[in-house]
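Peer 1: how would this look folded up:
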Amino acid sequence: MPEKKLKSWKRITIFLGVSLGFILLVVVGFHYATCIQPPVPDDLGSLSLKIDNPEKDFFTCGNNWLKKSNSGLWELYLEGKPFERGVINGKLTKVLIEKQEEAFTGRIREIIPSPMYLRFLKYFIYWFNRNLDKYIPEEYKLEIYGISLSASEKYSFIGSNYQRMLNYHSAHDIGHALQNMGLVGCTSFGVWGDKSLDGSLLIGRNFDFYVGDPFAENKLVCFEKPAKGYPFMMIGWGSMIGVLSGMNDKGLTVTINAARSEIPYSARTPISIMAREILQYAKNIHEACEIAKKSETFISESILIGSAEDNKAVIIEKSPSQIAINDPKANYIVCANHFQNPVFFNDSKNRKDRQENASVYRYKRVLQDITEEQPLDISKVAAILRDRSGLNNANIGMGNEKAINQLIAHHSVIFEPSRQLVWISTNPWQLGSYVCYDLNKIFHTFAGLQRKVEITAQDNILPADPFIGSDDYCHFLRFRQMRKVIKTVTESNEILTLPDSFIREFIMTNPEYFEVYSVTGDYYQHINRPDSGMINFRRALHKEIPRWSEKKKIIEKMSGCVLQTKRMK
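Peer 2: Got it, this is the predicted structure:
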């Protein structure tokens, strides 16, 4: 080989070697930088514990148990030290954890169908969360690690069981902060004194977190008696130890509502973990606020704290850099998804959120309902949580984000802290009956349950919403089915047409809802009928649209219809 060519091959070989070495170095460095090691438990004895299954949908392990209620809710009782609770939790809820992970990952694939972007997202999240474990208390890491030992290996391509379970606890925060995806649009409120029928504190809350219907199928009501802190209950799903809605045996309640956030640069304490610490270790508002003040979080959130000891509620408004306490002068409080304290009035994100999103509208609707229905009892609180109308009882379409009841709720809950009572909605959404749990009985009577019995307070059940039996409810279900068909056709690469009668029926299922016309307009634009698309986009603009961004998109689509019409002539 000529000397000149030999030198060229040597340069190429050196270049390839250096490049491969650099890539290998980056890969190995990324792995070590993002790999989170699990904590080391003091006692591994719980790993040998066995699960008994004496009856269908009933499992026990010592004093701990899991069962499915006649209401359709799964109920879990746990006690002991952190790692032990986690291990037993995982063993009892193994099937539920796998179903939840399947539903979650399935929904992510629907939202992000691109495999390339999914891989990018995976690595981004692992880099973003590389220090997550440093901001989670040791006992919660032990509990999560215990649960992770029962997680399915089917999803190991996402990461190790422990790191996946840990990362899932920040999913709410990451999705909310990075994309403000509209997955969370919750509403909560409290009344006491002259606003409550007997003067005691009542809290109502809709957790409007939607990750697809399968995700909400196996709701889990957990009653936990930790070795340290106060016994408490919370509502969530398999593998979730963070708190979304809960009450402890001192009558302290915690519910969380997302607010608009700046894009963070790295993870801190997930909000649900901070809420868990409050629920487990605070007995009054002062102690709850002290825990919130010391926690480093990376998104903005409103935390509604109700207290039997104080017989009132406050809202902790917390951003990554500031915290404010809303302590109302009146005997009621309302929490949506915007900050209310003067500390945040000049915050550009909060100001934009108030102007452009549905939060203020929903807040005003709750105020109307409280005023119209006062004084409130449990049944009237439930009626407010089920309210599908807009301001001044306007028909704004079923499923509108501006309504208190958006018909997407993962769960709805009512607390009466002074009596240690909690009502939890059953499927569908908050329309099914609200079943009642008495925490006094749960922690003193049903620990060590050895046979399957109903633990709900049967005399206190609130009946299902009559809306379930109505024609409108049937129309809404039909609307959801037809919307999916039309969107599938619209997103197809082919030009497929649907019968005009199908489109007319679709519009009549929910004629006051802007999305009916927006979706129809998209379809007509897709099949090259821009004039029909324009008509429907105009109709959409005459309806109550929750977000300015949605209205802006419709206006842009109308401009697209004009250009499309010109090209076709």
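Peer 1: going forward, measure contacts between C-alpha atoms and count neighbours the same way
Peer 2: Will do.
Peer 1: so residue 414: helix, strand or coil?
Peer 2: Here residue 414 is strand, with the state taken from DSSP: H, G, I helix; E, B strand; the rest coil.
Peer 1: apart from its neighbours in sequence, what residue is nearest residue 208?
Peer 2: residue 409 (4.1 Å; CA to CA, 6 or more residues apart in numbering).
Peer 1: confidence score at the one you found?
Peer 2: Per-residue confidence (pLDDT) for residue 409: 96.
Peer 1: one more: residue 20?
Peer 2: At residue 20, the pLDDT recorded in the model is 49.
Peer 1: check the one 5 residues further on too.
Peer 2: In this model, residue 25 is scored at 41, pLDDT.
Peer 1: got it, and residue 9?
Peer 2: So, for residue 9, pLDDT stands at 60.
Peer 1: equivalent analysis for residue 346, please.
Peer 2: For residue 346, the pLDDT comes out at 84.
Peer 1: that one belongs to a helix?
Peer 2: No. Read with three-state DSSP, residue 346 is coil and lies in no helix.
Peer 1: report the buried residues of the helix or strand harbouring residue 117.
Peer 2: According to DSSP states H and E, residue 117 maps onto helix 115-128. For helix 115-128, a neighbour-count test (16 or more other CA atoms under 10 Å) marks 123, 125-128 as buried.
Peer 1: need the CA coordinates for the helix or strand following that helix. PDB is fine.
Peer 2: Remark: after helix 115-128, the chain's next helix or strand is helix 138-148, criterion DSSP H and E. Output of helix 138-148 as PDB, limited to C-alpha atoms (Å, rounded to 0.1, in the frame of the first residue of the first chain):
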ATOM      1  CA  GLU A 138     -34.800   8.300  53.600                       C
ATOM      2  CA  GLU A 139     -37.900   6.600  54.900                       C
ATOM      3  CA  TYR A 140     -39.800   7.300  51.700                       C
ATOM      4  CA  LYS A 141     -36.900   6.000  49.600                       C
ATOM      5  CA  LEU A 142     -37.000   2.800  51.700                       C
ATOM      6  CA  GLU A 143     -40.700   2.500  51.200                       C
ATOM      7  CA  ILE A 144     -40.400   3.000  47.400                       C
ATOM      8  CA  TYR A 145     -37.500   0.500  47.200                       C
ATOM      9  CA  GLY A 146     -39.600  -2.100  49.000                       C
ATOM     10  CA  ILE A 147     -42.400  -1.600  46.600                       C
ATOM     11  CA  SER A 148     -40.100  -1.700  43.600                       C
END
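Peer 1: which residues of the stretch 351-500 of the chain fall in helices?
Peer 2: In the stretch 351-500 of the chain, the helices defined using DSSP state H, counting those that start in this stretch lie at 359-373, 378-385, 439-445, 471-490, 500-509.
Peer 1: of those helices, which approaches residue 161 most closely?
Peer 2: Comparison of the helices of the stretch 351-500 of the chain against residue 161 by CA to CA identifies helix 439-445 as nearest, at 31.0 Å.
Peer 1: check which helices and strands that closest one sits against.
Peer 2: Other helices and strands packing on helix 439-445, by 3 or more CA pairs under 8 Å, 6 or more residues apart in numbering; DSSP states H and E, are strand 220-226.
Peer 1: which other helices and strands contact the strand it packs on?
Peer 2: By 3+ CA pairs under 8 Å, 6+ apart, strand 220-226 packs against strand 74-80, strand 232-236, helix 439-445.
Peer 1: deepest-packed of the ones you listed, please.
Peer 2: By mean neighbour count, with neighbours taken as mean count of other CA atoms under 10 Å, strand 232-236 ranks first of those at a mean of 24.
Peer 1: ok, back up a step: a markdown table for the helices and strands packed on strand 220-226, including mean pLDDT and distance to residue 154?
Peer 2: Converted to a markdown table, those look like this (pLDDT from 0 to 100; distance: least, CA to CA, whole Å):
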| stretch | mean pLDDT | distance to residue 154 |
| --- | --- | --- |
| strand 74-80 | 97 | 24 |
| strand 232-236 | 98 | 22 |
| helix 439-445 | 94 | 35 |
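Peer 1: can you put those in a markdown table and add distance to residue 152?
Peer 2: Below are the helices and strands packed on strand 220-226 laid out as a markdown table (distance: least, CA to CA, whole Å):
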| stretch | distance to residue 152 |
| --- | --- |
| strand 74-80 | 20 |
| strand 232-236 | 19 |
| helix 439-445 | 31 |
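Peer 1: for those, which one sits closest to residue 545?
Peer 2: Nearest to residue 545 among the helices and strands packed on strand 220-226 is strand 232-236 (30.1 Å), distances taken as CA to CA.
Peer 1: sheet partners, orientation included, of the following helix or strand past the closest one?
Peer 2: Later in the chain than strand 232-236, the nearest helix or strand by DSSP H and E is strand 245-248. Strand 245-248 has the following sheet partners, assigned by DSSP bridges: strand 232-236 (antiparallel), strand 252-258 (antiparallel).
Peer 1: quick check: closest non-adjacent residue to residue 461.
Peer 2: Closest residue to residue 461 apart from its sequence neighbours, by CA to CA, 6+ apart: residue 435 at 4.8 Å.
Peer 1: hmm, that neighbour is touching residue 459, no?
Peer 2: No. Residue 435 sits out of contact with residue 459 when judged by CA atoms under 8 Å, with a separation of 9.5 Å.
Peer 1: what about residue 297, neighbour count?
Peer 2: 23 (other CA atoms under 10 Å).
Peer 1: want to try a markdown table for the helices of the stretch 351-500 of the chain, with distance to residue 391 as columns?
Peer 2: Listed next are the helices of the stretch 351-500 of the chain as a markdown table, based on distance: least, CA to CA, whole Å:
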| stretch | distance to residue 391 |
| --- | --- |
| helix 359-373 | 5 |
| helix 378-385 | 13 |
| helix 439-445 | 36 |
| helix 471-490 | 20 |
| helix 500-509 | 22 |
